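Peer 1: Compute the structure for the input listed below.
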Amino acid sequence: MKKTAFVFNMYSFLQVSENSNLQTVFDSIKYIIFLICFILASSVMMLIPVVLFYSVIGDFIKKTSYSNKIKEEMGRKENNSKYLQFICDKYIKISSNLFKNFIALATWNIFSLFYIIFWFENFSDGLKEYFYFPFAILQSLSKNEIFDSIYKFQSNWLFMSAIIVLTFSFSFFGKYIGRDIAESNIKKLN
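Peer 2: Prediction:
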């Protein structure tokens, strides 16, 4: 009951002091929250393909290394079965991550290409707009335009969010596909 009374009193206080400095403080807080969200969203959009690319390269190098260790260990007359099992488990995990990241990167690129080809009049304008979008958002983050930028870039936000969701969805499936492929590769080596 006391909480409800406090909320009601706070609401009444805010209604009375709408034109006061308190409203300016709340507007500033709202602006800062939107600014942080926009910067984080733009950063994530720009960094996802870069992180996926470097992850694919790193996972490929590790997968090759573990593959060579498995062949080495299986070639020995007296192999350590616990060590071999450990290497095989690492190989399966790295292969799973490799396929997960590769499929996610391929998904990102394919759906980005679809977006560029079908949403814009020509490919070069679409490519420019696609890469300019995160920077355009950052440039539009003045106090007067921050709320307008949501509507101004609404279609870009929608498509980029869809690309991100599809990327993570396909990476989920890629993880299991990679694990199955790695397990079948290990069976072939036996």
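
Peer 1: quick one: low-confidence parts of this structure?
Peer 2: Judged by pLDDT under 70, the chain has its weakly predicted residues at 1-20, 77, 79-80, 137-156, 190.

Peer 1: got a list of what Tyr130 touches?
Peer 2: Tyr130 sits next to 112, 115-116 when contact means CB atoms under 8 Å, 6 or more residues apart in numbering. The way it works is simple: take the backbone N, C-alpha and C, and place the C-beta from them, glycine included.

Peer 1: Ok, Tyr176 next?
Peer 2: By CB under 8 Å, 6+ apart, the neighbours of Tyr176 are Ser96.

Peer 1: how far does the helix or strand encompassing it sit from the chain's center?
Peer 2: Secondary structure assignment for Tyr176, by DSSP states H and E: helix 154-189. Here helix 154-189 is found 12 Å from its chain centre; the criterion is CA atoms, centre = their mean, to the nearest Å.

Peer 1: picking up where we left off before, okay, the contacts of Tyr130 in JSON lines with distance to Ser184 and secondary structure next?
Peer 2: What follows is the contacts of Tyr130, written out as JSON lines (distance: CB to CB, whole Å; DSSP: H, G, I helix; E, B strand; the rest coil):
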{"residue": "Ser112", "distance to Ser184": "31", "secondary structure": "helix"}
{"residue": "Tyr115", "distance to Ser184": "35", "secondary structure": "helix"}
{"residue": "Ile116", "distance to Ser184": "36", "secondary structure": "helix"}
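
Peer 1: Relative to Val56, which of the residues you listed is nearest.
Peer 2: Nearest to Val56 out of these is Ser112 (CB to CB; 16.3 Å).

Peer 1: Skipping adjacent residues, who's closest to the closest one in space?
Peer 2: Spatial nearest neighbour of Ser112, chain neighbours left out: Ile163 (5.9 Å); criterion: CB to CB, 6 or more residues apart in numbering.

Peer 1: Could you check how many residues crowd around that neighbour?
Peer 2: For Ile163, the tally of surrounding residues (other CB atoms under 10 Å) stands at 21.
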